[in-house]
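>>> Provided below are the primary sequence and the corresponding predicted coordinates.
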Amino acid sequence: MPDRLDLSIVENDLTREGLQPAGPMSWLLRSYDAPDDFWAALLAANAALFPWPGKSRLHGKYDFFHDIIARNLQNPSPAFRWVREGTGWRELDYRRLGTLAAEKAARWEKLGACAGSRLCLVSHLNDRLLIAFLAALKIGMIVSLLPPWGYSFLRRRIDELTPDHIWVPEDYAPLLFPYRSLILGEGGGGRGDADDSRSHSYSAFEPFALCFDPTTDPPHVPRELSADSAYLCAVRDGTVALGLKPGKELAAPGFGLMDVQPAMLLACLLSGATFVHIDESELAHNPGLLAQRPLRAVGITEAVRNVLLDSPVEIGKNWEFWFRDPAASQDLETWKDFVEALKLGGIFAGNQRWNASLGGCILFSVRRKGSAHHFVLPAAGVPWQLVEAADEKRLSLWAGGVFAVKPAGVKEGIAAGGMLAESRNEWVFIRPVLPGRSGRHYPVREVLDALCDLPFGSSCSMVEAPASRPDGSSLFILLVFAGGRRVNEAAVAERIRKTVLRELGREFLPDRIQVVALHPRRGEDGGIDHDWCGREYLSGGIARRQEGEVYRCLTDLRDLIHFSRQE
């Protein structure tokens with residue numbers, strides 16, 4: 001590996017015309033075998049972007065706050081640009097971001113925040129969250145990010161985190177009433193108390209963050225991310241996956257907070273680039289927002305793609321490169337329609353699979369002009385392997401398997417990304433390992449637990465209908481076993497939807513709710529046999545039983561026995 005990574009070679013290797021194989025990329029292959037050489041060359045290439053040196057050293061100490069703020073004090077480009085309803089575009093430059101974060105850090109320290117304490121940030125992505133995040137980095141806190149989705153969703157995850165402090169905007173404070181004693185107020189102090197020159201340096205393998213991975217089961221258990229992985233992966237992703245540097249801009253509307261943050265923000269800020277935030281709701285009202293800025297890299301979700309397909313905008317030369325998550329939407333024909341509708345044939349496209357709990361972009365791809373495809377490459381600098389789907393401790397014996405990464409200090413690979421199959425010099429992304437939607441695992445148990453206190457809540461089962469959507473993802477159908485009683489099906493379904501929205505959030509709504517005039521099969525412990533429910537529903541057995549007179553009589557008989565016992 002050269003002393004300084006030759007970015008022109010990297011850029012040339014990553015850009016291709018058409019769908020021909022990428023060819024061997026020696027720098028990428030060597031990065032797996034000699035990661036320290038790769039990281040050293042990468043940090044040297046990153047340092048060359050700035051007039052001032054950073055404080056962080058490979059496998060030594062990492063001062064995130066200094067390397068983001070101090071190196072960009074003369075950077076004319078903003079750190080964060082966003083759209084505010086009614087006022088248009090707003091900007092926050094690096095100098096102002098540092099000042100606001102230092103002031104908040106000074107106030108928090110007066111309230112007891114200190115290096116090593118755990119802080120949970122509960123908010124959607126916005127400028128206030130960014131300031132709070134930088135304040136935490138200045139102090140040296142261990143951060144976690146959660147979207148404010150619902151009572152049960154937050155309670156389950158916060159109980160696992162056991163944070164020392166919580167920061168939440170006033171709008172969402174009622175969601176966290178049981179944890180009100182942990183919420184950091186603004187406290188006293190002001191500009192005069194802030195010390196811009198002092199910031200915490202994390203040791204290499206010191207915990208930097210506790211991140212939730214929505215692609216795993218269970219999704220509510222946090223994974224520790226070291227400062228070493230957080231810093232190095234962010235610099236790699238900013239340089240290699242996104243191609244960022246001062247003056248360049250990144251937008252990824254609709255990408256999930258837990259999927260990509262804080263990794264994507266760090267990748268942008270440690271490159272001196274601008275993170276452009278456009279809320280999905282704003283984009284639905286004005287799709288042209290994505291065409292108003294010259295963007296180096298644009299992340300497109302299935303939902304954003306569909307908005308732009310319904311209301312195509314003239315992109316022109318404003319985009320240099322766009323990417324999608326191959327696990328979130330696998331309907332290539334619709335993606336080809338997207339390329340044609342927006343006239344993106346002359347713009348490079350690629351795939352990226354992010355996992356913030358593992359440091360950032362774990363799968364990326366060659367950028368092919370005007371082509372949506374399934375090809376991926378393991379991210380540079382991190383050894384990896386393919387394991388068996390049935391047993392993640394066994395290496396795969398065929399030219400494919402479950403992608404698993406092996407970060408520094410980890411003995412066994414961590415399964416992530418999905419199923420891959422070899423395709424000459426690249427890999428084809430086949431599918432996620434666990435059933436879900438938009439590339440995320442659907443937590444069936446968590447949804448059923450949220451409904452347990454409702455009438456019929458203990459008689460609910462979730463059925464996964466695999467590959468039932470046009471994009472190849474699963475359909476999740478909630479069965480409500482009502483026995484022989486007459487019920488208002490519309491009212492039952494509406495109450496279930498309201499409960500899921502309140503307790504978990506829109507992301508967890510089932511695709512369909514079906515009331516079944518039968519009793520479910522139960523095990524010896526009295527719990528529902530969910531496997532039986534799934535098999536019988538998908539095979540048509542439940543529909544046939546509902547129509548059969550014998551089963552209707554048996555259902556009525558079970559109701560009589562049940563109610564007589566209650567009396």
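Yep, it's here. Numbers count the residues shown, from 1 in each chain.

>>> State the mean pLDDT of stretch 44-60.
For stretch 44-60, mean pLDDT rounds to 94.

>>> Equivalent analysis for stretch 84-92, please.
Rounded mean pLDDT across stretch 84-92 is 85.

>>> quick one: buried residues of that stretch?
Neighbour counts over stretch 84-92 (16 or more other CB atoms under 10 Å) mark Leu92 as buried. Using the backbone N, CA and C atoms, a C-beta is placed for each residue, glycine as well.

>>> before we move on, what about stretch 176-184?
Neighbour-count burial for stretch 176-184, counted by 16+ other CB under 10 Å, picks out Leu176, Tyr179, Leu182, Ile183, Leu184.

>>> Then stretch 315-331?
Buried residues in stretch 315-331 (16+ other CB under 10 Å): 315, 318-331.

>>> hang on, the earlier thing: can you tell me which of the buried residues of stretch 176-184 is nearest Asn351?
Leu176 (36.6 Å; CB to CB).

>>> burial of the residue lying closest to the closest one once chain neighbours are set aside, as a residue count?
Nearest residue to Leu176 in three dimensions, chain neighbours excluded: Val168, at 5.6 Å (CB to CB, 6 or more residues apart in numbering). Residues near Val168, counting by other CB atoms under 10 Å, number 24.

>>> Wait, a helix at Ile166?
No - applying DSSP: H, G, I helix; E, B strand; the rest coil, one finds Ile166 to be strand, outside a helix.

>>> pLDDT score assigned to it?
Reading off the model, Ile166 has pLDDT 98.

>>> Pull up the gap between it and Val298, please.
Counting by CB to CB, to the nearest Å, the gap between Ile166 and Val298 amounts to 33 Å.

>>> can you check Ala517 too?
Noted for Ala517: a distance of 49 Å to Val298, by CB to CB.

>>> Neighbour count for these two, which is higher?
More crowded of Ala517 and Val298, by other CB under 10 Å: Val298, with 24 against 18.

>>> got the contact list for the nearest residue to Gly299 once chain neighbours are set aside?
Leaving aside its sequence neighbours, Gly299 sits nearest to Ala252 (CB to CB, 6+ apart; 3.2 Å). Counting by CB atoms under 8 Å, 6 or more residues apart in numbering, Ala252 makes contact with Val260, Met264, Val298, Gly299.

>>> same check, this time on Ile278
Ile278 makes contacts with Trp82, Val83, Ala251, Pro253, Leu289, Leu290, as judged by CB under 8 Å, 6+ apart.

>>> so can I have a markdown table of these showing neighbour count?
As requested, the contacts of Ile278 are exported to a markdown table (neighbours: other CB atoms under 10 Å):
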| residue | neighbour count |
| --- | --- |
| Trp82 | 19 |
| Val83 | 19 |
| Ala251 | 24 |
| Pro253 | 23 |
| Leu289 | 19 |
| Leu290 | 24 |
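
>>> Can you tell me which of those comes closest to Gly112?
When those are compared against Gly112 (criterion: CB to CB), the nearest one is Trp82, at 30.8 Å.

>>> So the closest one belongs to a strand, correct?
Yes - if the criterion is three-state DSSP, then Trp82 is within a strand.

>>> Just give the closest residue to the residue nearest to the spatial centre of the chain, not the sequence neighbours.
For the chain, the residue nearest the mean C-alpha position is Asp259 (0.9 Å; CA atoms, centre = their mean). Spatial nearest neighbour of Asp259, chain neighbours left out: Trp354 (5.7 Å); criterion: CB to CB, 6+ apart.

>>> Assign the one you found to helix, strand or coil.
strand.

>>> Give the bridge partners for it, please.
The partner list for Trp354 in beta bridges (DSSP bridges) reads Cys361.

>>> that older thread, tell me which entries of the contacts of Ala252 lie within helices.
Counted as lying in helices by DSSP state H, out of the contacts of Ala252, are Val260, Met264.

>>> Tell me which two in the contacts of Ala252 are the farthest apart.
Val260 and Val298 (13.6 Å).

>>> List the buried residues of the helix or strand hosting Lys138.
For Lys138, the host element (DSSP states H and E) is helix 127-139. Neighbour counts over helix 127-139 (16+ other CB under 10 Å) mark Asp127, Leu129, Leu130, Ile131, Ala132, Phe133, Leu134, Ala135, Ala136, Leu137, Lys138, Ile139 as buried.

>>> how close does the nearest residue to the second one once chain neighbours are set aside sit to Asp237?
Distances taken as CB to CB, 6+ apart put Ser123 closest to Leu129, at 4.4 Å, once the chain neighbours are dropped. When CB to CB is the yardstick, Ser123 and Asp237 sit 23 Å from each other.

>>> for Lys61, same thing?
21 Å.

>>> Pick out whichever of the two has more residues nearby.
Applying other CB under 10 Å to Lys61 and Asp237 shows that Asp237 carries more neighbours, namely 28 against 15.
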